[in-house]
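S.K.: next comes the sequence, and after it the predicted model I'd like to discuss.
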Amino acid sequence: MNSRIERIELWHVNVPLSEPFWPSWIPGYPQTHVAQTYARFLTSDGLVGETAGPAFTTERRGLGDLLGGFLLGMEAHDLDGFRKRIREASYLGWRNWWLEAAMWDLAGKMAGKPVYRLLQEREQTVSRVRVYASSGSLRPLGERRPYLDEIRQMGIDAVKIRVKYDTLAEDLAIVRGVRAAVGDDFMVGVDANQGWPVSLFRPNPDWDLERATAFARGCDDLGIAWLEEPLDMHDWHGMAELRRRVKTPIAGGELHGAWHEFEPLFEHDSLGKYQPDAMFSGLTVSRRVMQECRRRGLKFSPHTWSNGFHMVVNLHAFAAWEQGGHLEYPYEPPGFVPAAREGIMPPITVNADGTIDVPQSPGLGLQVDARLLRRYGKCFHVATPTRVALHTIREKGLKSALALKKAKHAAGKVP
């Protein structure tokens, strides 16, 4: 019997932080919860594929009405068909590449392998990967020093700090201070968060090529490992010119989706380090970016900031990258810590050697805690063939509903 998707569940999940967290990418906004939309795909042979996308609040209330008609009845192994359906659905709603992770979860379970082994060029076991501590807020050096001491005690040997101050002098001062505090042997990366500025609550200090150049040259002098998103995410020419002017590797790509959004970056030699987020692009595209980085001799290290599902899915993508390096580990205590980040799953903690464990069970190895899901989540939509049929009849009338069903059968879209 073919394994087909026969039920889709959607949940709003809202995990409170112990204290507000002030993300540098949304100046002036206090984040008090880790909100997400959790999706569960159940198949005809009893498998379950899971994923969760970032949310601001409950903005995906209507997602279920869109997905049922597109995805129910699909064969669980049909990743290409799934991406095609999600792209088609995006024309009518919004982009939802984060849903693809559930299909990879099913693919791994059907193959009896962890997802990272499905993504590898040559299959091999990867038990652990190194991480860098990724800060999330703007903090003066005096407040940042205890954080630097803490991550070193955790065994971590690399950090990413944020700059988004009003002046170039302030940005360079914090980088110099951090470099002096950790010494020359500690890896330091910098994120300018200029790729997709949000000015809803407070204006952003927008960078142009000249300010980015001046800052990057300061990074050159300090041995900074990479400079992330110093210009708009679609400014391919500007980032390419910046790369020609400076030594510090330029990184980005976290919010790009389909392959056509990444392709110009490669064509223009815009980046030295690619950071796709498989929950914004899908693991299929993340793997293709990895392959292109391998071919061109570029660096690859996924973006992971959001929730625990982002952490796990991108961990699998990075475990498939055989050339080493560090994976992003979002950490900004006291508010944004692993227990809140993972929320409805066990926290992903750092081993004494500065690594995290790679799941080895079939699929993504997600361990959603049913008790925590009930505590922090609410199921807001269930789609089954019967429910979708009844909804279509109520909305379109019986005659039109039967015509639609006949058309889908004729096109081979339903069994």
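M.R.: Nice, thanks for sending it over. It should be emphasised that the depicted structure is a prediction, and the values quoted were computed from it without experimental measurement.
S.K.: who touches the helix or strand hosting Ser90?
M.R.: Element membership of Ser90 [criterion: DSSP states H and E] is helix 79-92. For helix 79-92, the surrounding residues in contact (C-beta atoms under 8 Å, 6 or more residues apart in numbering) are 66-67, 70-71, 74-75, 96-97, 99-100, 103-104, 107, 258, 282, 284. Glycine gets a C-beta too; all of them are placed from N, C-alpha and C.
S.K.: please apply the same query to stretch 195-212.
M.R.: So stretch 195-212 is contacted by 25-29, 164-168, 192, 194, 215, 228-233, 238, 241-242, 252, 254-255 (C-beta under 8 Å, 6+ apart).
S.K.: filter the contacts of helix 79-92 down to the buried ones.
M.R.: The neighbour-count test (16 or more other C-beta atoms under 10 Å) marks 66-67, 70-71, 74, 96-97, 99-100, 103-104, 107, 258, 282, 284 as buried among the contacts of helix 79-92.
S.K.: now, the contacts of stretch 195-212 that are in helices?
M.R.: Secondary structure from DSSP state H places 168, 215, 238, 241-242 of these in helices.
S.K.: just the buried ones from these, in PyMOL syntax?
M.R.: What follows is the PyMOL syntax selecting those of the ones in helices among the contacts of stretch 195-212 that are buried according to 16+ other C-beta under 10 Å:
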select buried, resi 168+215+238+241+242
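S.K.: which of the ones in helices among the contacts of stretch 195-212 lies closest to Ser134?
M.R.: Proximity of these to Ser134 (C-beta to C-beta) peaks at Phe215, which lies at 19.0 Å.
S.K.: now the residue nearest the centre of the chain. Nearest residue, chain neighbours left out?
M.R.: Nearest to the geometric centre of the chain sits Asp277, at 3.8 Å (C-alpha atoms, centre = their mean). Nearest residue to Asp277 in three dimensions, chain neighbours excluded: His303, at 4.0 Å (C-beta to C-beta, 6 or more residues apart in numbering).
S.K.: show me what counts as buried in stretch 217-227.
M.R.: Buried-residue list, stretch 217-227, by 16+ other C-beta under 10 Å: 218-219, 222, 224-227.
S.K.: domains of this structure?
M.R.: 5-113+367-410, 118-357 (automatic domain parsing).
S.K.: and the closest residue to Lys113 other than its chain neighbours, what's its pLDDT?
M.R.: Once flanking residues are discounted, Lys113 sits nearest to Pro362: 6.0 Å by C-beta to C-beta, 6+ apart. Listed pLDDT for Pro362 reads 98.
S.K.: looking at it, Pro362 is touching Pro114, isn't it?
M.R.: Yes: with contacts defined as C-beta atoms under 8 Å, Pro362 counts as touching Pro114 at a distance of 6.6 Å.
S.K.: tell me which of the contacts of stretch 195-212 fall in strands.
M.R.: Mapping the contacts of stretch 195-212 onto strands (DSSP state E) picks out 228, 252.
S.K.: which of the contacts of stretch 195-212 are buried?
M.R.: Applying 16+ other C-beta under 10 Å to these flags 25-27, 164-165, 168, 192, 194, 215, 228-233, 238, 241-242, 252, 254-255 as buried.
S.K.: the strands in this protein, which residues?
M.R.: Under DSSP E, the chain gives strands at 5-21, 31-43, 48-54, 128-134, 158-162, 187-191, 226-228, 250-252, 273-274, 299-300, 327-330, 355-357, 377-383.
S.K.: switch those strands over to CSV; also include mean pLDDT and distance to Ile393.
M.R.: What follows is the strands of the chain, written out as CSV (pLDDT from 0 to 100; distance: least, C-beta to C-beta, whole Å):
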stretch, mean pLDDT, distance to Ile393
strand 5-21, 97, 19
strand 31-43, 97, 23
strand 48-54, 96, 28
strand 128-134, 98, 49
strand 158-162, 98, 52
strand 187-191, 98, 51
strand 226-228, 98, 51
strand 250-252, 98, 47
strand 273-274, 98, 47
strand 299-300, 98, 49
strand 327-330, 98, 45
strand 355-357, 98, 49
strand 377-383, 96, 15
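S.K.: for these, give me JSON lines that also has distance to Ile86.
M.R.: Listed next are the strands of the chain as JSON lines, based on distance: least, C-beta to C-beta, whole Å:
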{"stretch": "strand 5-21", "distance to Ile86": "13"}
{"stretch": "strand 31-43", "distance to Ile86": "12"}
{"stretch": "strand 48-54", "distance to Ile86": "12"}
{"stretch": "strand 128-134", "distance to Ile86": "28"}
{"stretch": "strand 158-162", "distance to Ile86": "30"}
{"stretch": "strand 187-191", "distance to Ile86": "29"}
{"stretch": "strand 226-228", "distance to Ile86": "27"}
{"stretch": "strand 250-252", "distance to Ile86": "24"}
{"stretch": "strand 273-274", "distance to Ile86": "22"}
{"stretch": "strand 299-300", "distance to Ile86": "24"}
{"stretch": "strand 327-330", "distance to Ile86": "25"}
{"stretch": "strand 355-357", "distance to Ile86": "29"}
{"stretch": "strand 377-383", "distance to Ile86": "15"}
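S.K.: mind checking which of the ones you listed is nearest Leu172?
M.R.: strand 187-191 (10.1 Å).
S.K.: output the contacting helices and strands for that closest one.
M.R.: strand 128-134, strand 158-162, helix 168-182, strand 226-228 (3 or more C-beta pairs under 8 Å, 6 or more residues apart in numbering; DSSP states H and E).
S.K.: which stretch among the strands of the chain comes nearest Val337?
M.R.: Checked against C-beta to C-beta, the stretch from those lying closest is strand 5-21, at 7.6 Å.
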